[in-house]
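S.K.: everything below, folded, please.
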Amino acid sequence: MNNPLSKTSLITASTLAIAAFTTNTATAQGDVLNMDPESKWSFGGDFRFRLEFNDNTGAVDRHRQRMRFRVGGTYDFSNRVTLGARAITGNADDPNNPHVDIGNVFNSFDVSLDRLFFAYKPEEVDGLTLIGGKFANPIFRNPVYGEFVWDADVQPEGLAFVYGCDEDCGILEGFRFYGGQVAVLEQASGEDAWATMVGFNLSKDTGEASSLDFGVSYTFLGDLTPDGSAGQISGDLSTGAHGNALTGAEATSDYGIVDLVAALNIENFVVSAELISNQRAADGVGDTGMALGGAVKTDAGKFYYTYATIEQDSVLTAISQDDLLMSTNFDAHMLGWKKPLTENSGLHVWVMASEPSEMLAGAVDETVYRFRIDWNLNF
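M.R.: Predicted structure coming up:
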């Protein structure tokens, strides 16, 4: 089943967005001329050095050192129009992974762009932002660990909107509505693959020192193996017993993923729950997932824990997390500690354990472990 919003819909939306952008050019030019030149640019980035130890089932354990570098900037043409870009290390063909492994016979590191976008805030609708290009995912995430459905490293491409309020929001402390039409695979001589995402989240005070955050998102993915694709997407789905189900070179399930997240904040403590359901999964294939977690901030740092169970086709492995040694079909525990070292750097120590939730063909009934020590520097 193809995405109900076709390629024609995206082209039409793009034309309207560009028209809105150019219609206000004359007014925007006046804003640019009156702005302080030093305020137009904004830059930022981060660096990570990681020690990682992997307990691999049926193979030699893998221990490696890794690095990640990201730097980006935005240019404000006016208070309504912004252009942004970000460069990262890592393999450009692996959007889930911006890290590079040390020890490739001294070869240089690859660098590519993972963001290139414009953002437009029409003065007629306060709180609305229109976004086009390759941009940060607006999805609401579980505050303890939020990458089971969408890996935070995956940057969608297409058009999106975000409409929200963060002050004077009536009975709420804040809310957002968001949506996007995302290009997954464009082909010169074949059918295209598209995705649609919509969602909302809100925040509500529940006491003098407590609040509730709640969000729901829906990700609809069209035909993942369209005619002419030669398995370009399906090749990212299968990793044996811990990948999505395939029938030949075709994805067994369709994907329409509902992700519900609720988090209760009480002073320095947060507890969260997440429910995941693929409403379009094939019969007989696991289609649900859940995660329970908690985090507490202390003088010694932030401690957190998450338990999760993810069935085989409840998430799409091409866009979901790659932190655990298993991509899907697993039960997992994640325990971590984050400690600020200086104003802009910190230590993150975390351990993950996972085992098969269902003994599919090729699965080994063992628990595997991954241990990481990260030093993160932000600027």
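S.K.: pull the distance from stretch 217-230 to the chain's centre.
M.R.: Taking the mean of its C-alpha atoms, stretch 217-230 sits 18 Å from the chain's own mean (Cα atoms, centre = their mean, to the nearest Å).
S.K.: buried stuff in it?
M.R.: Along stretch 217-230, the positions that meet the burial threshold by neighbour count (16 or more other Cβ atoms under 10 Å) are 217-226, 229. Every residue, glycine included, has its C-beta placed from N, CA and C.
S.K.: before we move on, what about stretch 152-160?
M.R.: The neighbour-count criterion (16+ other Cβ under 10 Å) identifies 153-160 as the buried residues of stretch 152-160.
S.K.: then stretch 123-139?
M.R.: For stretch 123-139, the buried set under the neighbour-count rule, 16+ other Cβ under 10 Å, comprises 129-139.
S.K.: what pLDDT, on average, does that stretch get?
M.R.: What stretch 123-139 shows for mean pLDDT is 97.
S.K.: same deal with stretch 352-363?
M.R.: The predicted model gives stretch 352-363 an average pLDDT of 90.
S.K.: ok, stretch 229-236 next?
M.R.: Rounded mean pLDDT across stretch 229-236 is 76.
S.K.: picking up where we left off before, using a markdown table, lay out the buried residues of stretch 217-230 together with distance to residue 271 and secondary structure.
M.R.: Shown next, in a markdown table, are the buried residues of stretch 217-230 (distance: Cβ to Cβ, whole Å; DSSP: H, G, I helix; E, B strand; the rest coil):
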| residue | distance to residue 271 | secondary structure |
| --- | --- | --- |
| 217 | 20 | strand |
| 218 | 24 | strand |
| 219 | 25 | strand |
| 220 | 30 | strand |
| 221 | 31 | strand |
| 222 | 36 | coil |
| 223 | 39 | coil |
| 224 | 35 | coil |
| 225 | 40 | coil |
| 226 | 42 | coil |
| 229 | 42 | coil |
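S.K.: min pLDDT across the residues you listed, which one?
M.R.: Least confident entry in the buried residues of stretch 217-230, by pLDDT: residue 229, with 79.
S.K.: contacting residues around that one?
M.R.: Listed by Cβ atoms under 8 Å, 6 or more residues apart in numbering, the contact set of residue 229 reads 185, 187, 190-191, 193.
S.K.: what about it, distance to residue 185?
M.R.: Using Cβ to Cβ, to the nearest Å, one obtains 6 Å as the distance from residue 229 to residue 185.
S.K.: how about residue 171?
M.R.: The value you get for residue 171 to residue 185, if Cβ to Cβ is used, is 43 Å.
S.K.: okay, the two: which has more neighbours?
M.R.: Taking other Cβ atoms under 10 Å, residue 171 and residue 185 do not tie; residue 185 has more neighbours (19 against 7).
S.K.: can you flag which of the contacts of residue 229 belong to strands?
M.R.: Cross-referencing the contacts of residue 229 with the strands (criterion: DSSP state E) gives 185, 193 as the overlap.
S.K.: what's the PyMOL line that selects buried ones from the contacts of residue 229?
M.R.: Isolation of the buried members of these (16+ other Cβ under 10 Å) is achieved in PyMOL through the command below:
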select buried, resi 185+191+193
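S.K.: could the contacts of residue 229 be laid out in TSV, adding distance to residue 40 and pLDDT?
M.R.: Compiled in TSV, the contacts of residue 229 are given as follows (distance: Cβ to Cβ, whole Å; pLDDT from 0 to 100):
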residue	distance to residue 40	pLDDT
185	36	92
187	38	89
190	42	86
191	42	88
193	37	93
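S.K.: which one among the contacts of residue 229 gets closest to residue 115?
M.R.: Nearest to residue 115, judged by Cβ to Cβ, of these is residue 185 at 19.5 Å.
S.K.: next one: that closest one from residue 106, what distance?
M.R.: Distance from residue 185 to residue 106, by Cβ to Cβ: 35 Å.
S.K.: then residue 48?
M.R.: With distances defined as Cβ to Cβ, the gap from residue 48 to residue 106 amounts to 21 Å.
S.K.: who has more neighbours out of the two?
M.R.: Relative neighbour count places residue 48 above the other of residue 48 and residue 106, with 18 against 6, counting by other Cβ under 10 Å.
S.K.: element containing that one, please.
M.R.: Following DSSP states H and E, the helix or strand that holds residue 48 is strand 41-54.
S.K.: now the strands for the stretch 151-300 of the chain?
M.R.: With DSSP state E, counting those that start in this stretch applied, the stretch 151-300 of the chain shows strands at 157-165, 174-185, 193-207, 210-221, 246-247, 250-251, 255-266, 269-278, 288-298, listed in chain order.
S.K.: from the chain's centre, how far out does the fifth one sit?
M.R.: Distance, stretch centre to chain centre, for strand 246-247: 25 Å (Cα atoms, centre = their mean).
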